[in-house]
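**Q** Fold the following for me, if possible:
(one chain, ligands or ions: 1)
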Amino acid sequence: MTQTLTISKIRPAPPCTIVILGASGDLARRKLLPALYNLRACGQGLMAPETTVLGFARRAMTPDEFRTAARDGVKRYSRLKLDECCWSEFAKHLDYLGGLDEPDGFKVLRRRLEEIEAARKLPPNRIFYFSIPPQALRDTIERLSAAGLVGPAEGENFSRLVIEKPIGHDLKSALEINHTLHQHCAEQQIFRIDHYLGKETVQNMMVLRFANSIFERVWGTRNVDHVQITVAEDEGLGTRAAYYDQAGALRDMVQNHMLQLLAMIAMEPPVSLDATAVRNAKLDAIRSLRPIAHEQVRAMAVRARYAGGVIDGHPVRGYLEEQGVPPDSRTETYVALKCFIDNWRWSGVPFYLRTGKRLARRSSAIYVQFKDVPAILFNRDGRLTPDVLTLRIQPDEGFSFDVLAKEPGLDLAIRQVGMNLSYEREFSDPSPDAYERLLLDMMIGDHTLFISGEFVRLSWQFLQPILDQWRDDPAIPMEVYPAGGWGPDGGEALIKADGRKWRNP
Ligand code: BG6
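**A** Predicted coordinates for the structure are as follows:
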């Protein structure tokens, strides 16, 4: 019988009120409300029963209408099936305030919060979740603050701000947002969310690396040939043209999710599991990224956009034909990037990053490819395939280690075989959704899985030359790739130039 060792940092969260700013939007309906419902329904009592969710948005709606919309969201998107008993308990703690005009809206919000707290005997612990368009962020912080809602925490109580990506559009705007935040509250009150950090397999990366003795010994330039990170999506941009066409894949996926994955795979062992130690270790990794000079952008980064094609046997349209996309759009839906981490551990090891929409399938994984064995014994003619450790983030979460083995028989035949762990097959308990874990952590006040202001700054600083060149240099091509494939020729050429190739899951 295998024993489970629980090194638990999770503890019951104190009661609080979660104010969802922008509660009538998609994120609230698809992710936040279902995740809160799941926490209430099966969060092992970690979410305090009195915790109340107050939706706040421009749209006028009664609390009952909000509950109906929330119920629909839970029914459609919740990990757990809607159970009438759990739902009625959850619904009792849902409220809504909307349709208010500025400048008084936030003052009314404050009064409503105070009434809720008095009526439900809740302490003034408040979480403000910014589920609003990025351009409204700074204004909203200022208005909340002017209404006296984000002041410094008093005594035992707290007031926290949860900020969704994108945090800024480039380095300058990200710095402005950080500045506005710091004018009104302390870094400790800020929870910058990246839902990739709430994914089970992303958290498993630390366990895999630091709870096993084998991997750290081979993790670095002496043994690793290169690392690939692929986040492939088969979906197009859906109904998000207004946001996505202003962003593109570099801002939407690389600046946040992919650089977080890179930091997790490359960081040094933190000195403890404390949030500051873990976040500092990631910062060191990202600080060691070799800057890409403007004149190197062409050789290190590829951009492209999808044309029409076929996915799962269904024809799909190209990006420029998507609803809401201007016909002269220059927005990329695919990025491939090569980078180096100039520290002792990773010196000279290339990291290849690739993400795109409308690729062959939804599949995200990290591949750590080890060096070739010497060209002697079995590898005299250099034909042996190298060992690869694959961390599958989604779907079929798990990892596999591909090594060479002798095929049974009288011949000496060698073949690559995989040692495979599938989360689903190994563990009977389903994984919580990323938002469940992150919402609980913000109620508890644990910053480990949230992004620091400094990480935001460093990530934009690293990407800024690419953004500049893509904007200013008309000679840099915007390639086109057919939907349903693995991306443009340029993406293949980027890695092929180094004698390597992408691993397609
Ligand atoms: C979001 C991006 O942050 O992540 C989307 O804005 C993308 O464009 C999504 O589709 C991918 O998340 P997941 O969890 O489905 O891999």
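
**Q** what's the average pLDDT for the longest helix along the chain?
**A** When the chain is parsed with DSSP state H, its longest helix is helix 453-472. Across helix 453-472, pLDDT averages out at 97.

**Q** tell me which strands and helices it is in contact with?
**A** helix 171-184, strand 190-192, helix 259-266, helix 275-287, helix 297-300, strand 301-307 (3 or more C-beta pairs under 8 Å, 6 or more residues apart in numbering; DSSP states H and E). Every C-beta, even on glycine, is put in place using the N, C-alpha and C of the backbone.

**Q** Residues touching the third one, excluding its own?
**A** Just to be clear, that refers to helix 259-266. 194, 196-197, 202, 205-206, 227, 229, 231, 282-283, 285-286, 288, 339, 341, 345-346, 351, 353, 366, 368, 391, 393, 451, 455, 459, 462 (C-beta atoms under 8 Å, 6 or more residues apart in numbering).

**Q** Could you tell me which of the residues you listed belong to strands?
**A** Judged by DSSP state E, strands contain the following of those: 227, 229, 231, 339, 351, 353, 366, 368, 391, 393.

**Q** bridging residues for the first one?
**A** According to DSSP bridges, the residues that bridge with residue 227 are residue 351, residue 368.

**Q** can you check the third one too?
**A** Using DSSP bridges, the bridge partners assigned to residue 231 are residue 355, residue 364.

**Q** Give me the distance between it and residue 165.
**A** Distance from residue 231 to residue 165, counting by C-beta to C-beta, to the nearest Å: 14 Å.

**Q** just the first one next, same as before
**A** Here the criterion is C-beta to C-beta. By it, residue 227 lies 23 Å from residue 165.

**Q** before we move on, what about the fifth one?
**A** Applying C-beta to C-beta, one obtains 21 Å for the distance of residue 351 from residue 165.

**Q** In contact with the residue lying closest to residue 13 once chain neighbours are set aside: list those residues for me.
**A** Taking C-beta to C-beta, 6 or more residues apart in numbering, and ignoring the residues beside it in sequence, residue 13 has residue 443 as its nearest neighbour in space, at 3.5 Å. Residue 443 makes contact with 13, 14, 16, 18, 47, 51, 127, according to C-beta under 8 Å, 6+ apart.

**Q** So which of those are in helices?
**A** Short answer: the contacts of residue 443 have none in helices (DSSP H).

**Q** List the buried residues of stretch 281-294.
**A** By 16 or more other C-beta atoms under 10 Å, the buried positions in stretch 281-294 come out as 281, 282, 283, 285, 286, 287, 288, 289, 292.

**Q** Turn the residues you listed into CSV, columns for distance to residue 116 and pLDDT.
**A** Below are the buried residues of stretch 281-294 laid out as CSV (distance: C-beta to C-beta, whole Å; pLDDT from 0 to 100):
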residue, distance to residue 116, pLDDT
281, 40, 97
282, 37, 97
283, 38, 98
285, 42, 98
286, 40, 98
287, 43, 98
288, 47, 98
289, 45, 98
292, 50, 97
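
**Q** Redo those residues as JSON lines? Include distance to residue 111.
**A** Shown next, in JSON lines, are the buried residues of stretch 281-294 (distance: C-beta to C-beta, whole Å):
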{"residue": "281", "distance to residue 111": "44"}
{"residue": "282", "distance to residue 111": "41"}
{"residue": "283", "distance to residue 111": "40"}
{"residue": "285", "distance to residue 111": "46"}
{"residue": "286", "distance to residue 111": "43"}
{"residue": "287", "distance to residue 111": "45"}
{"residue": "288", "distance to residue 111": "49"}
{"residue": "289", "distance to residue 111": "47"}
{"residue": "292", "distance to residue 111": "51"}
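
**Q** which of the residues you listed lies closest to residue 435?
**A** Closest approach to residue 435 among the buried residues of stretch 281-294 (C-beta to C-beta): residue 282, at 20.7 Å.

**Q** tally of neighbours for the closest residue to the closest one other than its chain neighbours?
**A** Of all residues not flanking residue 282 in the chain, residue 263 sits nearest, at 4.0 Å (C-beta to C-beta, 6+ apart). Close neighbours of residue 263, defined as other C-beta atoms under 10 Å, add up to 24.

**Q** Repeat that for residue 317.
**A** 16.

**Q** Contact partners for the residue nearest to it when sequence neighbours are not counted?
**A** Leaving aside its chain neighbours, residue 317 sits nearest to residue 308 (5.1 Å; criterion: C-beta to C-beta, 6+ apart). Residue 308 makes contact with 315, 316, 317, 318, 321, 482, 483, according to C-beta under 8 Å, 6+ apart.

**Q** The second one is in contact with residue 322, isn't it?
**A** Looking back up the chat, that one is residue 316. No: using C-beta atoms under 8 Å as the test, residue 316 is too far from residue 322 to be in contact (9.5 Å).

**Q** any shared contact partners between those two?
**A** Common contact partners of residue 316 and residue 322 (C-beta under 8 Å, 6+ apart): residue 236.

**Q** I'd like the distance between the nearest residue to residue 503 once chain neighbours are set aside and residue 388.
**A** The shortest distance from residue 503 to any non-neighbouring residue, by C-beta to C-beta, 6+ apart, is to residue 367 (5.1 Å). When distance is defined by C-beta to C-beta, residue 367 is 6 Å away from residue 388.
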